[in-house]
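*Asks:* What follows is a protein structure lacking sequence information:
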Ligand SMILES: Cc1ncc(COP(=O)(O)O)c(C=O)c1O
């Protein structure tokens, strides 16, 4: 398409506001024309470095050539049958691959769906079917999706839950450990025990659901001692442990699943986002005996595990092997962490730098205080965009800048993006 024939961002924003409800938020007033690896160009021809990756979806970058080739080849064969009607091999092969990758010394099975929220919904359904229990305990600050059940599990009200209740019953929130904000591992584990004492008896709880690193919640890492303690409580009461890896999975944290770095294996893992490099597919991977609890016909969906998504995901796995992207994830993480720590040394507003693998963030406070600075966070994100760097904020207080750059970005591009970030901070001093 000729660039001259494309409308401006402003013109498209006007059409968007007239045609699309305001509830669908938009961080940047930008319309993309094309993307390649960790860069994209908008409809006006301006180039951006992408440190957001479509919210953790582009670990292999925009339009990875291997992924695009695999999808094109799949398009020439068949695009849809509905796996429950007529099956296809790529679904089975992808299940086999994820079963082999998931931690835990037990047989595994995998179910595919379309979105992260759908994976979480199905993990809860499977846990309930296996245990015959209704209850679920999630954690403060956690994010699990926008459907009514997953909103119930989500531990942050605004903007996600406002006006959408009532949410399903038998869902409770324990404290997520957060040393920076005064919640120790002991406090968090004690809060689980408190729920089991005050709100629901342990024999009616099907599962705990926890993110290995809270994504929307602010990139707080679940400490190993917390996960170990949680699993002990779970085992004592026959409760299942679900790792919600929708954001942490697919190599973001330096291992394929973040929970490979846990001292214990979860019973069920949800996965989505970067699994298929920009194509919609999600899954639940788990203990075979648990996964087999729902009766035939109890699981599925019209588009669940689409052939396009399966072909794309298999190509993503191939790219990880061929380009050694797990090692790259760790290297990118080390580089980002070092750069953000150096920036924190120059800007008192940056009160913490943290992460796991290439899932890295910095948290902003009013200098010399513990007051979250959401306003400065918003201004840094906007300033960086003006200068050609796409960033995202997150966190319960909106004061965390998170980096989800494609792992396929080279060092020169990372350096260029980090320079823009530093210049944006400097410009707002
Ligand atoms: C940890 C986690 N779970 C679930 C979801 C929901 O995924 P989706 O937006 O694909 O429904 C997200 C999305 O950000 C997430 O980060």
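*Replies:* Thanks, I have the structure now. All values reported here derive from a predicted model rather than from experimental measurement.

*Asks:* How about the residues of the chain by the ligand?
*Replies:* Residues of the chain lying near the ligand by CB under 6 Å from any ligand atom: 55, 115-117, 120, 143-145, 211, 215-216, 244, 246-247, 272. The way it works is simple: take the backbone N, C-alpha and C, and place the C-beta from them, glycine included.

*Asks:* For the residues you listed, which ChimeraX command selects only the ones that are buried?
*Replies:* Of the residues of the chain next to the ligand, the buried ones go into a single ChimeraX selection, burial set by 16 or more other CB atoms under 10 Å:
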select :55,115,116,117,120,143,144,145,211,215,216,244,246,247,272
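
*Asks:* out of the residues of the chain next to the ligand, who's nearest residue 228?
*Replies:* Nearest to residue 228 among these, counting by CB to CB, is residue 211 at 16.3 Å.

*Asks:* Pull the contacting residues for that closest one.
*Replies:* The contact partners of residue 211, by CB atoms under 8 Å, 6 or more residues apart in numbering, come to 139, 142, 143, 217, 222, 243, 244, 245, 247, 248.

*Asks:* Tell me the one of the residues you listed nearest residue 185?
*Replies:* Distances from residue 185 to the contacts of residue 211, taken by CB to CB, are shortest for residue 222, at 9.3 Å.

*Asks:* measure that closest one to residue 238 for me?
*Replies:* Going from residue 222 to residue 238 by CB to CB, to the nearest Å gives 22 Å.

*Asks:* When these two are compared, which one has more neighbours?
*Replies:* In terms of neighbours (other CB atoms under 10 Å), residue 222 is the more surrounded of residue 222 and residue 238; the figures are 26 against 13.

*Asks:* what comes up buried for stretch 327-345?
*Replies:* 328-333, 335-337, 339-340, 343-344.

*Asks:* How about stretch 81-101?
*Replies:* Of the residues in stretch 81-101, those buried (16+ other CB under 10 Å) are 83, 88, 90, 91, 94, 95, 97, 98, 99, 101.

*Asks:* Ok, stretch 370-382 next?
*Replies:* For stretch 370-382, the neighbour count (16+ other CB under 10 Å) marks 372, 373, 376, 377, 379, 380, 381, 382 as buried.

*Asks:* Inside helices: which ones of the residues of the chain next to the ligand?
*Replies:* Using DSSP state H, the subset of the residues of the chain next to the ligand located in helices is 55, 116, 117, 120.

*Asks:* Go ahead and confirm the last one touches residue 145.
*Replies:* Yes - with contact taken as CB atoms under 8 Å, residue 120 and residue 145 are classed as touching, separated by 5.4 Å.

*Asks:* Can you pull the residues that touch both of the two?
*Replies:* 153, 246.

*Asks:* so what's the residue of the stretch 51-200 of the chain found nearest the ligand scoring on pLDDT?
*Replies:* Residue nearest to the ligand within the stretch 51-200 of the chain: residue 116 (2.1 Å; CB to the nearest ligand atom). In the prediction, the pLDDT value recorded for residue 116 is 98.

*Asks:* Number of residues surrounding residue 209?
*Replies:* 26.

*Asks:* and if you look at residue 388?
*Replies:* 14.

*Asks:* quick one: stretch 375-390 to chain centroid distance?
*Replies:* The chain centre lies 22 Å from the centre of stretch 375-390; the measure is CA atoms, centre = their mean, to the nearest Å.

*Asks:* which intervals of the stretch 151-300 of the chain have sub-threshold pLDDT?
*Replies:* The model of the stretch 151-300 of the chain has no residue with pLDDT under 70.

*Asks:* Tell me where it has strands.
*Replies:* For the stretch 151-300 of the chain, applying DSSP state E, counting those that start in this stretch gives strands covering 171-174, 205-210, 240-244, 268-271, 282-287.

*Asks:* Can you give the strand pairings for the second one, parallel or anti for each?
*Replies:* Put plainly, it is strand 205-210. strand 135-139 (parallel), strand 240-244 (parallel) (DSSP bridges).

*Asks:* Surely residue 387 touches residue 422?
*Replies:* No - here residue 387 lies out of contact with residue 422, judged by CB under 8 Å, at a distance of 10.5 Å.
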